Every structure is written in C-alpha cells, then in structure tokens.
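Q: model the structure of this input:
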Amino acid sequence: MREVETIDDFNKYFGMPAPILKDISVGKYDDIERQRPASPPIHPRIYRISLKYDFEKPDINNIAEEDIGEWQIFFSAPGTELEWKLDKPTSGYYIHISPELLENNQHLSFNFLHYGMHEALFLTKQEEKRLITLFDDTLKEYDAQNDSLDVLMAYINLIFSYIQRFYLRQFGSKNDNYHHLSQAFITELNQYYAENAEVKEYPNVGYFAEKLNVSTNYLSDIVKVNTKKTAKEHINKYILKQAKRLLDVRKHSISEIAYILGFEYPNYFARFFKRELGYSPSQYKKSIVSK
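A: Take a look at the predicted model:
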C-alpha cells in the first residue's frame, strides 16, 4: 500500500496546487483543474479536513427537512486508509495539516480529527453558512502568505471549535443510531470477560470501537454525550465490579484475579483498585472475612 508522507506529496497525488506552507494547505476543490478520479488504497501521513458539497440530505431527528444543509465534513488522520472513485469532481474546501504542526499546537488536537471517513458531520443550513464563511476567510488569509501564522491558526482554531459544537449537537439529537451505538458498547462491555474466557486482556475503548466498526474517538464522544460518562469510566466501573465479585467469592488470590481481569502485573491491579475505591484489594478482602 502506498505511503503518502507529506502534504506536498498528497496534493500532487490528488492534483491539488502545491502548498504555500510546509505544514498547512488550504484550498477549494472547485479550483483544481484535474482531480484524480480514483485511487487504490493509500496511507497519507497528514490530517485532512474536507467540507464537501452536494450530498443527499441525511435523516436527522429534531431538525426540519428544510433546515438540513447540503454540506458535510469529513476527516482522515495519519494512517487512515483512503481510496476513492469519483462519479464527478469534488466540490468544497479542504485543509491539510501536518502531524508536526499539531504536536506543536496542542490546542488544535480535537478528537474529531481522528474520526473515520464514514463518521461525517451533517450540517444544518445555519451551520454550513457559518463554516463556509470561515473557510473562505481562512483561505484568504492563507493566500495572503503573511510572515506570521497567528491569524491563520486562529481561523483554523475557530473552525475546529465550531465543528466540535456542531458534533455535540449531532450526537445529542434524539437519533436512534447514536443511542443504539452507546447501548451496543454497554452490551459488549458486559459480555467482555465471558467472550474472552481463555485469553484475558485489559479491555480498552479501541477494542470495542473495532468490534462496533467505528473509530475510537467517535465511540468515546458518542458514549459521553449519551450517557454522561466517558467510555473509559464505564470500562473502569465494569472492571471494578468484576474485581469485587471475584474477591467476594474468595476462590482466587489477588494475583490470580489481576491476571484474570487482564492486568499485566498484580501491582497494576492493586493501584487501579485503590484509585477507584480508596483502599487496596487486600484491605477489601480482609473486610469481607471480618463480616
């Protein structure tokens, strides 16, 4: 599979203009004279944000059909596998950012930058109007080629802040898909140790995201909005419940319980237990015996 290392490499591959700046590229798909119409799987090592036009209106609960826009936002992060076949040229805007730029500007590291291509943001007409204006202004600032990046970065930060707000609106709507995804996570979590009876590994959000065919950050954000707790909090609560159950039956040693639950070392389990409950597994076990 082809690795596309830099913004310049990706722009050349797709047919976009060469970036003015090494670590940022902003442009309009409509201005590209010849877009690559199809591509086998590739791995770009850049962050891509695309505001694209001309999609079928999605079914969004609590929003009247006439208020649903025709623009959607898509993301891909370094390592994301991309392939495409275009029926017609893409229309809209794009922003490409290098990993190095995000590493040096942590305030721009929003969760949605790691969402998958099938986890798009569906915009209302008011939202798309706001973002189109911001993308236009960002493009003008980018084309001005000023020595300072401060204003350009401020525009990008503002775009990201609005995207975050609009995703929260989308996740918080009474959409059965998001509710069902949260419930599916809880169901998978409650079945975790039963399904992994022979090989125990400490459960993590990435495991459940893969099982549910979504990105880790996407699952985390939806679970948090719909349950008011993070996916990690749910996992910790579940592990603690299983730990107390195993300690209650007094069949296994604390070290055995640690390994059963997927902890690499017993002291990791002890630290986790004390952090969650305020006392150690051995103290908990003694309290059971004394009852």
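Q: got the domain ranges for the chain?
A: Listed by automatic domain parsing, the domain ranges of the chain are 2-172, 177-289.
Q: can you show me the strands along the stretch 1-150 of the chain?
A: Secondary structure of the stretch 1-150 of the chain (DSSP state E, counting those that start in this stretch): strands at 2-4, 24-28, 38-44, 47-53, 68-76, 82-85, 92-97, 121-124.
Q: out of those, which is closest to residue 158?
A: strand 92-97 (12.2 Å; CB to CB). (C-beta placed from N, C-alpha, C; glycine too.)
Q: thinking again about what came up before, could I get the strands of the stretch 1-150 of the chain as a markdown table with mean pLDDT?
A: Shown next, in a markdown table, are the strands of the stretch 1-150 of the chain (pLDDT from 0 to 100):
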| stretch | mean pLDDT |
| --- | --- |
| strand 2-4 | 92 |
| strand 24-28 | 97 |
| strand 38-44 | 96 |
| strand 47-53 | 96 |
| strand 68-76 | 90 |
| strand 82-85 | 94 |
| strand 92-97 | 98 |
| strand 121-124 | 92 |
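Q: can you put these in JSON lines and add distance to residue 249?
A: Output for the strands of the stretch 1-150 of the chain, formatted as JSON lines (distance: least, CB to CB, whole Å):
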{"stretch": "strand 2-4", "distance to residue 249": "51"}
{"stretch": "strand 24-28", "distance to residue 249": "58"}
{"stretch": "strand 38-44", "distance to residue 249": "48"}
{"stretch": "strand 47-53", "distance to residue 249": "49"}
{"stretch": "strand 68-76", "distance to residue 249": "46"}
{"stretch": "strand 82-85", "distance to residue 249": "50"}
{"stretch": "strand 92-97", "distance to residue 249": "52"}
{"stretch": "strand 121-124", "distance to residue 249": "47"}
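Q: and those: which comes nearest residue 11?
A: Nearest to residue 11 among the strands of the stretch 1-150 of the chain is strand 24-28 (6.0 Å), distances taken as CB to CB.
Q: could you check the angle the closest one makes with strand 92-97?
A: The directions of strand 24-28 and strand 92-97 differ by 180 degrees, with axes from the mean of the first three to the mean of the last three CA atoms, to 10 degrees as the criterion.
Q: touching strand 24-28 from outside, list them.
A: 7, 11, 16-17, 19, 92-98, 101, 135, 138-139, 142, 149, 152, 156 (CB atoms under 8 Å, 6 or more residues apart in numbering).
Q: pLDDT weak spots in this structure?
A: 55-66, 174, 196-200, 288-291 (pLDDT under 70).
Q: give me the residue at the spatial middle of it.
A: Here the mean C-alpha position of the chain is nearest to the C-alpha of residue 217 (CA atoms, centre = their mean), at a distance of 2.9 Å.
Q: can you pull the contacts of that residue?
A: By CB under 8 Å, 6+ apart, the residues touching residue 217 are 111, 112, 114, 115.
Q: the last one: how many residues sit nearby?
A: If I follow you right, that is residue 115. 25 (other CB atoms under 10 Å).
Q: distance of it from residue 248?
A: Distance check for residue 115 against residue 248: by CB to CB, to the nearest Å, it reads 40 Å.
Q: same question for the second one.
A: Here residue 112 is placed at a distance of 42 Å from residue 248 (CB to CB).
Q: so between those two, which is more surrounded?
A: More crowded of residue 112 and residue 248, by other CB under 10 Å: residue 112, with 20 against 11.
Q: surely the more buried one meets residue 76?
A: No - taking contacts as CB atoms under 8 Å, residue 112 lies outside contact range of residue 76: 11.3 Å.
Q: any idea how far residue 206 is from residue 118?
A: Separation of residue 206 from residue 118 (CB to CB): 17 Å.
Q: more neighbours, these two?
A: Between residue 206 and residue 118, residue 206 has the larger neighbour count (other CB under 10 Å), namely 14 against 10.
Q: wasn't the more buried one part of a strand?
A: No - per DSSP: H, G, I helix; E, B strand; the rest coil, residue 206 lies outside any strand segment and is helix.
Q: tell me the contacts of it?
A: Residues near residue 206 by CB under 8 Å, 6+ apart: residue 216.
Q: related to what we said a few turns ago, for PyMOL, what selects the buried ones among the contacts of strand 24-28?
A: Applying 16 or more other CB atoms under 10 Å to these, the buried members can be selected in PyMOL as follows:
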select buried, resi 7+11+16+19+92+93+94+95+96+97+98+101+135+138+139+142+149+152+156
